[in-house]
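Visitor: Coordinates for the following, if possible.
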Amino acid sequence: TFNSDGGTSVASISSITSGSTIVLPTVPTRDGYTFDGWYTAINGGGTPFTGTTPVTANITVFAKWTAVSTYMVTFNSDGGSVVAPISSITSGSVIVLPTAPTRNGYTFGGWYTTINGGGTPFTGTTPVTANITVFAKWEASKYTVTFDSQGGSAVTSITGILAGSTITLSTSEKPGYNFLGWYTSVSDGILFTSSSTVTSNVTLYAQWAIVSGNSGSSSGSSKGDSNGSSKDTQTVVSKDTVTPISTTINVNTKDLDASGNSKLTITSDIATTLVNNAQQAQAAGKNPDITIVADAPKSATNVSVSFPSAVLEEISDSTHANVIVKTAFADLKFDEKALDALPSTGKNGTTIITAGIVDHSSLSTENKELVGDHPVFDFAVTTDGNKVSTFNGGKVSISIPYTMTVKEQSDTDSIVAYYLDGSGEVMRGNYNHSINSIEFVVTHFSTYAIVFNPVDFNDVPNNAWYYKAVRYIGARKITTGTSNGEFGPNSTITRGQFLVMLMRAYNISPDATSENNFSDAGNTYYTNYLSMAKRLGITVGTGNNKYEPEKVLSRQEMLGLLYNCLKAINELPEKKAGLSTDNYSDASSTATWALPAMTFLVESGITAGTGNNHLSPMATSTRADMAQLLYNLLKR
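Guide: Numbers count the residues shown, from 1 in each chain. As a prediction, the model looks like this:
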């Protein structure tokens, strides 16, 4: 009898003639251990039992195991983008190095065993024999500024400029024109001044204002006045406005407190200029969004940007501008409603927006296990020291730079942002390959972790048309399946099930109470979701104050609920040209109440029917249909 002592089971061998030897079975396996043979006592005690040992009695032999040492490589990017550690590395093994980090103004020079390129290089051929932290080596980038005078006198390019440096600007001359300055594009762009920092190779373009009355060759012209006399006119005008329109500002600081906090301030003068420029941009039909680039020291673990509250109120009241705060940790984009939700504190109030990295040691044991080696971030807004708990229907779009592990690169749909609030599992977000960031939208600030959460179901094969969709909503806890590790893709879905999953998909919390609910809401998993859906106008039920949550859902009901939900949270997508219900032979069979929803979702490309030019409004919906519909929306 073979006792594998924690390894895979090994069948007994019987009917052995006394004194015979046996052919030993295939050795067992055990994660994290190597097999060292069979012994007559546990833990390698007694004597070895081999293929030459005669069997003279019934005997139990025991597997001997040796633990395999595993180690972790931690990557300190030294001011660059975050790189996740690699763990569970067998002693002596080599690893596939992760994607190199990025850092504005610097070129990555490899990983080293001490900071600033000290120690020895760590490469894809370096054996791992202990836990180790390796450090990114950076070399400051050098850039060139090229000047295009657009018909004016030539200005020589400036080369070898260290990233983050400023330069002394020369002017250009052009007969009949006034020089307005150097801009980042031919006819618009951002004004580049002697205080602007160089962060890449750039071409700057001279912009000119023609002097009125000039043909381009003279400096002025004479016009008769009412008395027959003459006077010279030198009124300067440009094609848009003499005042340059720039709604982006860089703020920086070299100071850190003892906790690694960097505090940056937008002065009233700067803020007023930004608001004025945003109003001009909006009036000119241009993007009025105001962007604050917060340039803090690379060692900062927390960045705070302070605004005069009155200016944020003015932005909300007088423009349609969003406010974007860019930090090394994340970009935060506040929409109009989010700005409007900030408390009014009068002329001298202060609003502070904060983004930072959370030390894992401050997390609960449960959250430490959940997060593992992944980064954790905290975002907050305070007005005069009071924390803003909700944006009252407004939204903040968050983009966090994130370098994937090798395993994650083949399954980016399973990279999600996890809300660490202790009240429930809320997953959201999509990985944006073009900028290597996880992006998600929130309605209030808190602590968030980047988590890899792959979810597979036994009855969802990887060649199924709904495979990606089901795994996507599984990773975000929109569904946990039916039971026994199955999703039930071909099963019908009830009105109650769909409503709950729809609201989870858009992070709409259930009502705290179920007062004024539908009469058939019951007391179950969907009860408080029905109450919230009724209150938000997502559904008015089926009549007589009933919702019929256990009724099987039809396609037109599914699309109707979806349309109402997107409308209630202001998330309706844009329509696409060339899409119409006229292309479907059974569109006229859609119920009158469902027709607006069906029409809009067809014209926006959210649903393409069921094939053969059919919308099938009365057909029952399956769980796979539901998954694909939500996937199409959430991945947009």
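
Visitor: Just give the number of residues close to residue 338.
Guide: 26 (other C-beta atoms under 10 Å). Heads up, the C-betas are built off the backbone N, CA and C, glycines and all.

Visitor: Can you name the residues that contact it?
Guide: Neighbouring residues of residue 338 by C-beta atoms under 8 Å, 6 or more residues apart in numbering: 391, 394-396.

Visitor: Recalculate using a threshold of 10 Å.
Guide: Contact partners of residue 338, counting by C-beta atoms under 10 Å, 6 or more residues apart in numbering, are 316, 322-323, 332, 381, 388, 390-397, 442-444.

Visitor: Now name the helix or strand holding it.
Guide: helix 336-340 (DSSP states H and E).

Visitor: Buried ones in that helix, by neighbour count?
Guide: By 16 or more other C-beta atoms under 10 Å, the buried positions in helix 336-340 come out as 336, 338-340.

Visitor: Just give me the closest of these to residue 169.
Guide: Checking those against residue 169 with C-beta to C-beta, the nearest one is residue 339 at 34.7 Å.

Visitor: Could you check which helix or strand contains the closest residue to the closest one other than its chain neighbours?
Guide: With sequence-adjacent residues excluded and distances taken as C-beta to C-beta, 6 or more residues apart in numbering, residue 339 is closest to residue 316, at 4.1 Å. Per DSSP H and E: residue 316 is located in helix 309-318.

Visitor: Remind me what the following helix or strand past that helix packs against, helices and strands.
Guide: Scanning forward in sequence from helix 309-318 by DSSP H and E, the next helix or strand is strand 323-326. Packing partners of strand 323-326 (3 or more C-beta pairs under 10 Å, 6 or more residues apart in numbering; DSSP states H and E): strand 248-252, strand 290-295, strand 302-308, helix 309-318, strand 331-334, helix 336-340, strand 350-357, strand 396-401.

Visitor: ok, back up a step: buried subset of the contacts of residue 338 as a PyMOL selection?
Guide: Here is the PyMOL command that selects the buried residues among the contacts of residue 338 (16+ other C-beta under 10 Å):
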select buried, resi 316+322+323+332+381+388+391+394+395+396+397+442+443+444
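
Visitor: Quick check: phi and psi on residue 627?
Guide: Dihedral pair for residue 627: phi -60, psi -40, per degrees, to the nearest 10.

Visitor: OK, contacts around residue 296?
Guide: Applying C-beta under 10 Å, 6+ apart to residue 296 gives the contacts 251-256, 260-264, 302-305, 327-329, 355.

Visitor: Need the contact partners of stretch 312-319.
Guide: So stretch 312-319 is contacted by 247, 266, 271-272, 274-276, 278-283, 288-290, 307-308, 321-323, 334-347, 349, 351, 353, 383, 394 (C-beta under 10 Å, 6+ apart).

Visitor: ok, 7 Å please
Guide: 275, 278-279, 282, 288, 290, 321, 323, 336, 339-340, 342, 344, 351 (C-beta atoms under 7 Å, 6 or more residues apart in numbering).

Visitor: for stretch 21-34, same thing?
Guide: Contacts with stretch 21-34, where a contact means C-beta under 7 Å, 6+ apart, come from 2, 4, 6-8, 10-11, 13, 16, 35, 51-55, 63, 65-68.

Visitor: mind listing the helices for this structure?
Guide: Using DSSP state H, the helices of the chain run over 268-283, 309-318, 336-340, 365-371, 406-409, 467-475, 495-505, 527-536, 555-568, 595-603, 623-634.
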